[in-house]
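Peer 1: Structure for the following, please:
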Amino acid sequence: MRHGKKSNRLTLYSKMILLGALLALFAYGCAGPKENIVLNNARAAYEKAKGDPNVAANASVPLYEAGQTLKSAEMATSDAETNHLAYMAEKQTAIAVTTAEQKLAEAERQKLAKDKDQVLLEQQEGQARNARGEAEDAQKQAEASKDQAKKLEQELAELKAKKTDRGFVLTLGDVLFATGKADLMSGAQRTIDQLAGFLNKYPTRKVSVEGHTDSVGSEDYNFALSQRRADSVRSAIMARGISSDRISAKGLGELYPVASNDTSAGRQQNR
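Peer 2: Here you go, the predicted structure:
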């Protein structure tokens, strides 16, 4: 009996040992799968790229291929195959990111080029506008000059000026001076007023006053008298506000008579 009881105890002990071994084996079997760093890196790179709107918009095809390769890596049955596919997925993800960056850079380059072209176009349009404005201004100035020239001719005609090789010649009336005198007579004032008014209107115009005499008296006397007469007219014009540097005066004596000295009427004109 004692021997039998001992045998039962041994059997029970053996079962307990066997149960312990089974529990240990079960615990080992329930442990999680071994972590794969290569797969984790590929998964992280893919998720990051997938969350980038630029990559999703500009590299959808290579990003899709990377996702498919990653799924294959996750379903692989061996570590070697998993690592290989995970490595490929990570590289495909990198290609997708690079493709998106290149497209974005190209879009920026095209935008800058377009902006540059727009600026250049605006500059060219501005230059064209300026050129048109200058042409219009030149046309207006030409028309104004033409009108001014026409008006000048009309006013010179009113002054009874004659166009010659030396310019316009204006004879200041028939009776400006008494015989042998250099003082302007009252009848000359209106003509002097007209001439001064003309010179005030056209400040770029200059005038040369030439004094004349008839043939009465000696030649030297007449030259001196004609110079005094020219100076007298010059002073009268200056008194009306015309600058002295615009008026010259020269006596010509009996030379270049405007009428014959053989008659009293002609001599009167030459004075």
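
Peer 1: what about the helices in the stretch 151-271 of the chain?
Peer 2: 189-201, 219-238, 264-270 (DSSP state H, counting those that start in this stretch).

Peer 1: Deepest in the core, which of those helices is it.
Peer 2: Of the helices of the stretch 151-271 of the chain, the one with the most neighbours on average (mean count of other CB atoms under 10 Å) is helix 219-238, at a mean of 18. For every residue, glycine as well, the C-beta is placed using N, CA and C.

Peer 1: For it, name the packing helices and strands.
Peer 2: Where contact means 3 or more CB pairs under 8 Å, 6 or more residues apart in numbering; DSSP states H and E, helix 219-238 is packed against helix 189-201, strand 207-211, strand 247-251.

Peer 1: can you redo the ones you listed as a markdown table with mean pLDDT and distance to Gln139?
Peer 2: Output for the helices and strands packed on helix 219-238, formatted as a markdown table (pLDDT from 0 to 100; distance: least, CB to CB, whole Å):
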| stretch | mean pLDDT | distance to Gln139 |
| --- | --- | --- |
| helix 189-201 | 87 | 24 |
| strand 207-211 | 84 | 32 |
| strand 247-251 | 88 | 35 |
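
Peer 1: for the ones you listed, which one sits closest to Leu85?
Peer 2: Nearest of the helices and strands packed on helix 219-238 to Leu85, taken as CB to CB: helix 189-201 at 99.1 Å.

Peer 1: In PDB, could you pull the C-alpha coordinates for the closest one?
Peer 2: Provided in PDB are the C-alpha atoms of helix 189-201 (Å, rounded to 0.1, in the frame of the first residue of the first chain):
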ATOM      1  CA  GLN A 189       4.500 156.700 -81.100                       C
ATOM      2  CA  ARG A 190       1.700 154.500 -82.300                       C
ATOM      3  CA  THR A 191       4.100 152.600 -84.600                       C
ATOM      4  CA  ILE A 192       6.600 152.200 -81.800                       C
ATOM      5  CA  ASP A 193       3.900 150.900 -79.500                       C
ATOM      6  CA  GLN A 194       2.900 148.300 -82.100                       C
ATOM      7  CA  LEU A 195       6.500 147.200 -82.500                       C
ATOM      8  CA  ALA A 196       7.100 146.900 -78.800                       C
ATOM      9  CA  GLY A 197       3.800 145.000 -78.400                       C
ATOM     10  CA  PHE A 198       5.000 142.600 -81.100                       C
ATOM     11  CA  LEU A 199       8.400 142.100 -79.400                       C
ATOM     12  CA  ASN A 200       6.700 141.500 -76.000                       C
ATOM     13  CA  LYS A 201       4.600 138.700 -77.600                       C
END
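
Peer 1: Run the chain-centre distance for that helix.
Peer 2: Computed by CA atoms, centre = their mean, to the nearest Å, the chain-centroid distance of helix 189-201 equals 48 Å.

Peer 1: Can we start the residue count at 58 from this point?
Peer 2: Fine by me, first position is 58 from now on; the one you just mentioned is helix 246-258.

Peer 1: hang on, the earlier thing: so for Glu276, which of the helices and strands packed on helix 276-295 sits nearest?
Peer 2: Of all the helices and strands packed on helix 276-295, it is strand 304-308 that lies closest to Glu276, at 11.6 Å by CB to CB.
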